[in-house]
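J.: Sequence below, structure please.
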Amino acid sequence: MTESKKDRLIIVIPAYNEESNLEEVVRQWHPVAQRTGAEGRLFIIDDGSTDGSWELLGRLSRRYPCLRAVHKENQGHGATVLYGYRCAIAEGADYVFQTDSDGQTDPKDFEMLWKERGRGGLLIGSRNHRKDGWQRILVTRTLRTVLWIIFGCYTKDANTPFRLMRADQLEQVIRKIPENHPLTNVLMTVIYTRSGMGVTYFPIFFGPRRGGKNSLNMKKIFRIGLHAVRDFRKLRKTI
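T.: Numbering: from 1, shown residues only. The predicted model follows:
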């Protein structure tokens, strides 16, 4: 089905050393990008991968017409997501959707958000029955508490990599996010909540990583968390 021109969708997927997952992720998400016709795009932003991800994306680009692969220096997930959002806006997206390249989200859940796109604000998946381990669940709960204490707003699942946004609103939001911030999506959720644009949560499936190795461990998560708390305190008056 082809949507109106106003409903052009660009999907943003950051990737770092995901050679074992990329082909399946592209196969799953490319039809979603195609739903808006020839103008739909699937942007995969390679964050300076050191495995064969970039070469694989080159081969996949020849097979999937809506796929656009972009290579950049390694800066981490937050900076890569922010870069992808800017690419999507510059490309003329009307709606931007973001998910990750580890295969933990299900494209079938996208339809729930797409049907409600007209309400605006941030439409975000809330990870129910998670299969990514108790450590990640603990991080989400801790983050929820920290955001409540610092920003005074409730965020059910602030960092979910499953979010749909109207591009004109997204453009306003990312102007407030510092360059290379490691938790871009967390700050986005806070900004949407505090600005009054609104956040709507939808229950989604969140499975285990399909393959490869997660680049984050609890030590790195703890270090990022400490920096984030300091950044959040500095930012609470500006966002």
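
J.: In contact with the residue nearest the centre of the chain, which residues?
T.: Against the mean C-alpha coordinate of the chain, by C-alpha atoms, centre = their mean, the closest residue is Gln98 at 3.6 Å. Gln98 makes contact with 11-13, 81, 84-85, 161-163, 185, according to C-beta atoms under 8 Å, 6 or more residues apart in numbering. Every residue, glycine included, has its C-beta placed from N, CA and C.

J.: Which one of these is nearest to Gln135?
T.: Pro161 (16.7 Å; C-beta to C-beta).

J.: Low-confidence regions, this structure specifically.
T.: 1-6, 131-134, 210-226 (pLDDT under 70).

J.: quick one: the strands in it?
T.: 9-15, 41-47, 67-72, 95-99, 122-128, 162-166, 199-205 (DSSP state E).

J.: do you know which of these lies nearest Leu57?
T.: Of all the strands of the chain, strand 67-72 comes closest under C-beta to C-beta, at 3.8 Å.

J.: angle of that closest one against strand 41-47?
T.: Angle, strand 67-72 to strand 41-47, by axes from the mean of the first three to the mean of the last three C-alpha atoms, to 10 degrees: 20 degrees.

J.: What residues sit buried inside strand 67-72?
T.: Buried residues in strand 67-72, counting neighbours by 16 or more other C-beta atoms under 10 Å, are found at 67-70.

J.: who does that strand touch, helix- and strand-wise?
T.: Counting contacts by 3 or more C-beta pairs under 8 Å, 6 or more residues apart in numbering; DSSP states H and E, strand 67-72 packs against helix 19-34, strand 41-47, helix 53-63, helix 77-90.

J.: What I need now is the buried residues of strand 67-72 written out in JSON lines, including distance to Gly103 for each item.
T.: Output for the buried residues of strand 67-72, formatted as JSON lines (distance: C-beta to C-beta, whole Å):
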{"residue": "Leu67", "distance to Gly103": "16"}
{"residue": "Arg68", "distance to Gly103": "20"}
{"residue": "Ala69", "distance to Gly103": "17"}
{"residue": "Val70", "distance to Gly103": "20"}
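
J.: and Pro208, how many neighbours does it have?
T.: 12 (other C-beta atoms under 10 Å).

J.: Kindly report the same for Pro161.
T.: Other residues near Pro161 come to 21 when the count uses other C-beta under 10 Å.

J.: Can I get stretch 154-172 in PDB? Just the C-alpha atoms.
T.: Extracted as PDB, the C-alpha positions of stretch 154-172 are listed here (Å, rounded to 0.1, in the frame of the first residue of the first chain):
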ATOM      1  CA  TYR A 154       7.900  10.000  34.700                       C
ATOM      2  CA  THR A 155       9.300   8.000  31.800                       C
ATOM      3  CA  LYS A 156       8.100   4.400  31.600                       C
ATOM      4  CA  ASP A 157      10.900   3.200  29.200                       C
ATOM      5  CA  ALA A 158      13.000   6.200  28.300                       C
ATOM      6  CA  ASN A 159      15.700   4.400  26.200                       C
ATOM      7  CA  THR A 160      13.700   2.000  24.100                       C
ATOM      8  CA  PRO A 161      15.200   1.600  20.600                       C
ATOM      9  CA  PHE A 162      11.700   1.600  19.000                       C
ATOM     10  CA  ARG A 163      10.400   5.100  18.500                       C
ATOM     11  CA  LEU A 164       8.400   7.000  15.800                       C
ATOM     12  CA  MET A 165       8.500  10.800  15.500                       C
ATOM     13  CA  ARG A 166       7.100  13.500  13.300                       C
ATOM     14  CA  ALA A 167      10.200  15.000  11.600                       C
ATOM     15  CA  ASP A 168       9.300  18.600  12.200                       C
ATOM     16  CA  GLN A 169       8.900  18.000  15.900                       C
ATOM     17  CA  LEU A 170      12.100  15.900  16.000                       C
ATOM     18  CA  GLU A 171      14.100  18.700  14.400                       C
ATOM     19  CA  GLN A 172      13.100  21.000  17.300                       C
END
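
J.: Since that was my last question, I'll sign off now.
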